Structures are given as C-alpha cells and as structure tokens.
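*Asks:* Quick one, what's the 3D model for this:
(one chain, ligands or ions: 2)
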Amino acid sequence: MRNIQHIALGLTLTGLLFILHSPQSDAKGSQGKTMPIKIGQYNDRPPENEASIADGRLIYERACIYCHGNEGTGKGPVAFFLSRDTGPRPRDFTLGPYKFRSTESGELPLDEDLFRTITRGIVGYMPGFVGLDAPDRWKLVYYIKSLAPEDFEDAQPEPIKVAGSPVPLTAMSVKRGYELYQVAGCWECHGGSGKGDGEKAPDLKDDSGMPLPPANLTMPNSFKAGSQPEDLYRTILTGLDGGAMPSHDRFKGHEEDVWDLVNYIRSFAISK
Ligand code: HEC
Ligand code: HEC
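*Replies:* Ligands and ions are numbered 1, 2, ... in the order given. As a prediction, the model looks like this:
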C-alpha cells in the first residue's frame, strides 16, 4: 500500500511540473475572502416575510416539488427514480440535517449556503437554478426554512473562521498535504489513490440507511459542494452532515494546514 502511495505521489509531483504555470494553479483572487463563497447576487435580497415565503412556495411548486415533494419531505415522484436504492434521496426539509454548510458540524446552514446550493445545484443529483432570478432563489431559501420553523426561527448560525488563504499549488505544498491525508485517515474511506476505494468504503451509509460511497477524489467535477480551493477547505473542515463524510476537528488550531491538504486533493486530478 505504502509503495503504491509513493508511486502515486511521484506521479503527482511529475504532473505538477506541467501545470504549475497553468491558470488553474493561480490561487489569487480568493485571497483573504471569508466564507461563504463568491457567487454574484448575494445582495439582491428581498425582505423575509410572509409574502416572500408565500411567493417561495409558488416557485417551489414549479421547480422543486417533483423531487422534494409536496410537504418538503423529499418524497416527490421523481425522487425514487433519481438513483433508486443507490444514492442519496432529496433532502427532507422538515428534518435536515444539511450537508453543504459554512458552519460547524451539527449547525444549521447559513442562508447563503442554501442560496449557493440552489444556484449551483448538486452535480449528479439536482440541477442548478441559476435560471431563476436571484430574488426568486432567496424566496426559495425563505420557504425552505419555513418548513422547519422551530429550527430556523431566531437561529443565527455562524460561519467557521477561515485561516489564511489558498496557498500556491507547489510540489512542497502537495507533499505536506500528502502527509496530512495519511495522518487524518482520509485514505480509510477515499483510498490511497483517492479513487474512493478505501477499506471502509463498502460499508458507508447515510443517516437514512442508503449506501453512500466516498467521493472519487480524482474527479473534482463530481464534487457536490464544489472543487475550488475555498470549497474544499469548507468541505474538509465542516464535513457533510447526515452523510458519512466526517468533519475534521483534528485541524483545530492549525487550520491553515488544510490549504496543503486541499492542494493534495487537487493534485489527484492532475496525476490521474
Ligand atoms: C431532480 C431532483 C431535484 C430537484 C428538481 C431539486 N432537488 Fe434539491 N436535492 C435533490 C437531491 C437528490 C438532494 C440530496 C443530495 C445529497 O444529499 O447528496 C437535494 C438536496 C437539496 C438541498 C440540501 C443541501 C444540503 O445542504 O444538504 C437543498 C437546500 C435543495 N435540495 C433545494 C432545492 C430547491 C430549492 C429546489 C427547487 C428550486 C430543488 N432542490 C430541486 C434533488 C433535487
Ligand atoms: C469515514 C469515511 C470518510 C473519511 C474518513 C473521509 N471522508 Fe471524505 N467523503 C466520505 C463520503 C462518504 C463522501 C461523500 C459524501 C456525500 O456525498 O454526502 C465524502 C466526500 C468527500 C469529498 C467530496 C465532497 C463533495 O463536495 O462532494 C471530499 C473533497 C472529501 N470527502 C475529502 C476528504 C478528506 C480530505 C478527508 C480527510 C481529512 C476525508 N474526506 C475523510 C467519507 C469519508
């Protein structure tokens, strides 16, 4: 196993020589930004009140109901056919928990997190709704929250602190990230070569008992929560609740090291 990992690391480092000057390795532009992630129109926000929630319901009936269901419990007619018995079902908005958050594990998502998910969609499972005007997407956020009023009322979820900013994708950073991948036990699920074939992989399930294979880290386009450095930082620290991707408290106090792990994950796609 170790040998294979070393060969993989060797290939990775070789691959890096080719991409170091490509635009992808340019981490500028995101320096010093706080979560949540830049998507335009975060500010084009209507007031949150009974009227906007009622509008949200109407939009929901057009765009979301066939998957998330009439009551928002994830039992729409299309839900079953999306992935039969092999993939996550649409979220039950009356229960949570939420996968895609900028907040600590166990916390509610920020409104901006819900807005981002609705805007971008979830690769392989849910279309992005960038075709709806931003105010309509906000109204959907308000409507979804109204389905779990006791949870969301008065809640003020806090985003996690972002330590530092993305570091350049250099061979040194990838090597440090490789070491973190070993100590943090990422390989147990994602496998030594990142293909999602770790020893724990076959038995992983989500909270509802559906099988939930670990992501194939060599395919960043399939990442549900995005594959930009900031997205990976957020995913690694906050985890995807309700599934099997844990949050990683072990980075508490030295969060800036996560940027190296982010680079190691990004290097999988290069060395493939
Ligand atoms: C084609 C089916 C489909 C449609 C249409 C759809 N969704 Fe989803 N949605 C899903 C699935 C499946 C998941 C769960 C994915 C997972 O857990 O990995 C999900 C999850 C979500 C989540 C939870 C994200 C999280 O953090 O856990 C939100 C919010 C959401 N959908 C909102 C919407 C809204 C609003 C609409 C309509 C504008 C919509 N969805 C339309 C299938 C769909
Ligand atoms: C206990 C098993 C397990 C461990 C340990 C684990 N993961 Fe995961 N990981 C998963 C599963 C399962 C998913 C898919 C979750 C989903 O789709 O809801 C996932 C998804 C991911 C994703 C893709 C997220 C997305 O947007 O789709 C990344 C990136 C990732 N893991 C990185 C890591 C890193 C880095 C570590 C180590 C610090 C790690 N994982 C440790 C099980 C694990």
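
*Asks:* which sections of the stretch 1-150 of the chain are below the confidence cut-off?
*Replies:* 1-41 (pLDDT under 70).

*Asks:* mind listing what's buried in stretch 157-176?
*Replies:* Neighbour counts over stretch 157-176 (16 or more other Cβ atoms under 10 Å) mark 157, 159-160, 162, 165-167, 169, 171, 173-176 as buried. Any C-beta I mention is one placed from the backbone N, CA and C, and that applies to glycine too.

*Asks:* taking those one by one, which sit in strands?
*Replies:* With strands taken from DSSP state E, there is no overlap with those.

*Asks:* Present those as TSV; the columns should include distance to ligand 1 and pLDDT.
*Replies:* Formatted as TSV, these follow (distance: Cβ to the nearest ligand atom, whole Å; pLDDT from 0 to 100):
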residue	distance to ligand 1	pLDDT
157	12	92
159	14	91
160	15	91
162	19	88
165	24	89
166	23	93
167	27	94
169	27	95
171	34	96
173	29	97
174	28	97
175	32	98
176	30	98
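
*Asks:* Report the two of these separated the most.
*Replies:* By the measure Cβ to Cβ, 157 and 171 form the most distant pair in those, at 37.9 Å.

*Asks:* How about the residues of the stretch 151-272 of the chain by ligand 2?
*Replies:* 184-186, 188-190, 200, 204, 212, 214-215, 217, 223-225, 232, 235-236, 240, 243-246, 248, 261, 265 (Cβ under 6 Å from any ligand atom).

*Asks:* Can you say which of those are buried?
*Replies:* Neighbour-count burial (16+ other Cβ under 10 Å) applied to these gives 184, 186, 189-190, 204, 212, 214-215, 217, 223-225, 232, 235-236, 240, 243-246, 248, 261, 265.

*Asks:* restrict those residues to those near ligand 1?
*Replies:* residue 224.

*Asks:* Of the buried ones among the residues of the stretch 151-272 of the chain next to ligand 2, which belong to helices?
*Replies:* Using DSSP state H, the subset of those located in helices is 189, 190, 232, 235, 236, 261, 265.
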